[in-house]
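Colleague: need coordinates for the following:
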Amino acid sequence: MAALQFSLEKTSTNSSARAGIITTDHGMIETPIFMPVGTVGSVKAVTQQQLKSDIQAQIILGNTYHLYLRPGTEVLEAAGGLHRFMGWDRPILTDSGGYQVFSLAENRKIKEEGVVFQSHIDGSKHLFSPESVMDIQRSIGADIIMAFDECPPYPSDYQYAKKSMQLTHRWLDRCFARLAETPDKYGYTQNLFPIVQGSTFKDLRKESCDFIASKNAAGNAIGGLSVGEPPEMMYEFTALCTQNLPSNKPRYLMGVGTPWDLLECIDLGIDMFDCVMPTRNGRNGMLFTSQGVINIRNKKWATDLSCIDPGMPSEMSQYYSKAYMRHLFVAGEILGLQLASIQNLSFYLWLVKEARNNILSGDFVNWKRQMIEIVKRRL
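Modeller: Here you go, the predicted structure:
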């Protein structure tokens, strides 16, 4: 068992983009990296074998709130943790449930002790405290676990944002204290990442960065962005945070985003990303490709027998035609949802790998400028 390690390989000469390697007990992660979202221990419509072979995922994400409700910690502990339960032997990160404090606003009550949730499954009530969330994440057994935080909505007034940030900081101290008094489970190390909050107020973000940095954690996360604010504002506050967080620790921007968001934020010094967009949009017929964005339901693809994405190394991207993909969606075939999810996740992982290669070769800024124009293009 060893604590998470991060080695910085190269930083872009004319931007803050950087390439590194995160080492965990379940293997190495080359950064910048995108993490497919497997909320309940499953990346929707995709098998674990496909995550490895077609998509080449290096790490995936699970969610504490959802896994706590189903299948529950007793089942996960009996299985020997989430890795064994779902048959995934690479790194896992778990979100603490803090985002559900934001997204399930109608079914929760926040107080100093923690948050009382009403289950979206059966209406039962549950208290999530910093201590219980650490215990649940111990039982899940992820390599990287997130601190319990409150994510304020956008827009928030200054006083609410400040009060929320201070609560998040107090909860963080309790998270660290709980971890210090409980052992790792399953024979490998769990690494806590604090989360920067502060809404869209520069002084609060700076204060939160300073507080989080003082904890000397294995890595640090930026939360409370991509919650409705304009993209330019998200980039502005991402840059503020990367400038004030330690450069020798991985930086994780939570819940972001579009392919162009990833490229802009890699440019600002972000190392890790997650988002449901590639799978959710894929299931609705939107394909992200190395040539641009495709709405596969459009009639224009009905007789297009060219492959889905000739620019991708993925075998699946070159095996199936656009016409066939459209047919699957129009016919309501489940295979269409699966192939679209694989295409989009493969593209996201290909994109961050290309970003990494161009950082290492010293050509990231020029490549990014050209690539953003391409990935934004509607085909």
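Colleague: quick check, residue 195 in contact with residue 97.
Modeller: No. Here residue 195 lies out of contact with residue 97, judged by CB atoms under 8 Å, at a distance of 11.8 Å. Quick note: C-beta positions are derived from backbone N, CA and C, even for glycine.
Colleague: can you pull the buried residues of the helix or strand hosting residue 171?
Modeller: When elements are defined using DSSP states H and E, residue 171 is found to belong to helix 158-180. Residues of helix 158-180 classed as buried under the neighbour-count rule (16 or more other CB atoms under 10 Å) are 161-162, 164-169, 171-172, 174-176, 178-179.
Colleague: could you give the separation of that helix from the chain centroid?
Modeller: Taking the mean C-alpha point of helix 158-180 and that of its whole chain, the gap between them comes to 21 Å (CA atoms, centre = their mean, to the nearest Å).
Colleague: got it, and stretch 227-245?
Modeller: In terms of CA atoms, centre = their mean, the centre of stretch 227-245 is found 16 Å from the chain centre.
Colleague: which other residues reach it?
Modeller: For stretch 227-245, the surrounding residues in contact (CB atoms under 8 Å, 6 or more residues apart in numbering) are 16, 102, 151, 153-155, 196, 200, 202, 205-206, 209-210, 212-213, 220, 222, 225-226, 251, 253, 255-257, 261, 264-265, 268-270.
Colleague: repeat the analysis, applying 6 Å as the threshold.
Modeller: The contact list for stretch 227-245 (CB atoms under 6 Å, 6 or more residues apart in numbering) reads 154, 196, 200, 205-206, 209, 213, 220, 222, 225-226, 251, 264-265, 268-269.
Colleague: can you name the next helix or strand after the host helix or strand of residue 355?
Modeller: Secondary-structure assignment from DSSP H and E places residue 355 in helix 334-361. Tracing the chain C-terminally past helix 334-361 and defining elements by DSSP H and E, one meets helix 364-375 next.
Colleague: packing partners of that following helix?
Modeller: The criterion is 3 or more CB pairs under 6 Å, 6 or more residues apart in numbering; DSSP states H and E, and the helices and strands that helix 364-375 contacts are helix 259-267.
Colleague: could you point out which element follows the helix it packs on?
Modeller: Toward the C-terminus, helix 259-267 is succeeded by strand 272-274 as the next helix or strand (DSSP H and E).
Colleague: rounded mean pLDDT for that next one, please.
Modeller: Averaging the model's pLDDT scores along strand 272-274 yields 98.
Colleague: need the pLDDT of residue 121.
Modeller: 87.
Colleague: I meant to write residue 124 there.
Modeller: At residue 124, the pLDDT value in this model is 88.
Colleague: ok, now how distant is the closest residue to it other than its chain neighbours from residue 70?
Modeller: Closest residue to residue 124 apart from its sequence neighbours, by CB to CB, 6 or more residues apart in numbering: residue 118 at 7.3 Å. Here residue 118 is placed at a distance of 15 Å from residue 70 (CB to CB, to the nearest Å).
Colleague: which one's more surrounded, these two?
Modeller: Relative neighbour count places residue 118 above the other of residue 118 and residue 70, with 15 against 11, counting by other CB atoms under 10 Å.
Colleague: next up, phi/psi of that one, please.
Modeller: Backbone geometry at residue 118, expressed as degrees, to the nearest 10, gives phi -110, psi 120.
Colleague: what's the pLDDT at it?
Modeller: In this model, residue 118 is scored at 85, pLDDT.
Colleague: on the strand side of things, show who it bridges to.
Modeller: Here residue 118 shows beta-bridge partners residue 125, assigned using DSSP bridges.
Colleague: quick check: it touching residue 109?
Modeller: No. Counting by CB atoms under 6 Å, no contact exists between residue 118 and residue 109, whose distance comes to 8.9 Å.
Colleague: quick one, what contacts residue 349?
Modeller: Applying CB under 6 Å, 6+ apart, one finds that residue 349 lies in contact with 34, 55, 56.
Colleague: show me how to select, in PyMOL, the buried members of these.
Modeller: In PyMOL, a selection of the buried entries from these looks like this (16+ other CB under 10 Å):
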select buried, resi 34+55
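Colleague: ok, and the closest non-adjacent residue to residue 55?
Modeller: The spatial neighbour of residue 55 that comes closest, neighbours along the chain excluded (CB to CB, 6+ apart), is residue 345 at 4.5 Å.
Colleague: out of the helices and strands in this structure, which is least certain?
Modeller: The helix or strand with the lowest mean pLDDT-type score in the chain, counting by mean pLDDT, DSSP states H and E, is helix 98-103 (a mean of 68).
Colleague: past that one, which element shows up next along the chain?
Modeller: strand 108-110.
Colleague: may I see the buried residues of that following strand?
Modeller: residue 108.
Colleague: hmm, who's touching it?
Modeller: Under the criterion CB under 6 Å, 6+ apart, residues 115, 116, 117 lie in contact with strand 108-110.
Colleague: I'd say the first one and residue 127 touch.
Modeller: No. Applying CB under 6 Å, one finds residue 115 not in contact with residue 127, separated by 7.3 Å.
Colleague: for residue 327, the count of nearby residues, please.
Modeller: Taking other CB under 10 Å as the definition, residue 327 ends up with a neighbour count of 15.
Colleague: give me the element it is part of.
Modeller: When the helices and strands are read off by DSSP H and E, the one containing residue 327 is helix 322-330.
Colleague: quick one, that helix and helix 334-361 angle?
Modeller: What separates the directions of helix 322-330 and helix 334-361 is an angle of 130 degrees, with axes from the mean of the first three to the mean of the last three CA atoms, to 10 degrees.
Colleague: what does stretch 313-330 rub up against?
Modeller: Stretch 313-330 has contacts (CB under 6 Å, 6+ apart) with 54, 285, 296-297, 301-305, 307-309, 335-336, 342-343, 346.
Colleague: same thing but at 8 Å, please
Modeller: Counting by CB under 8 Å, 6+ apart, residues outside stretch 313-330 touching it are 54-55, 285, 287, 289, 294, 296-298, 301-310, 312, 333, 335-336, 339-340, 342-343, 346-347, 350.
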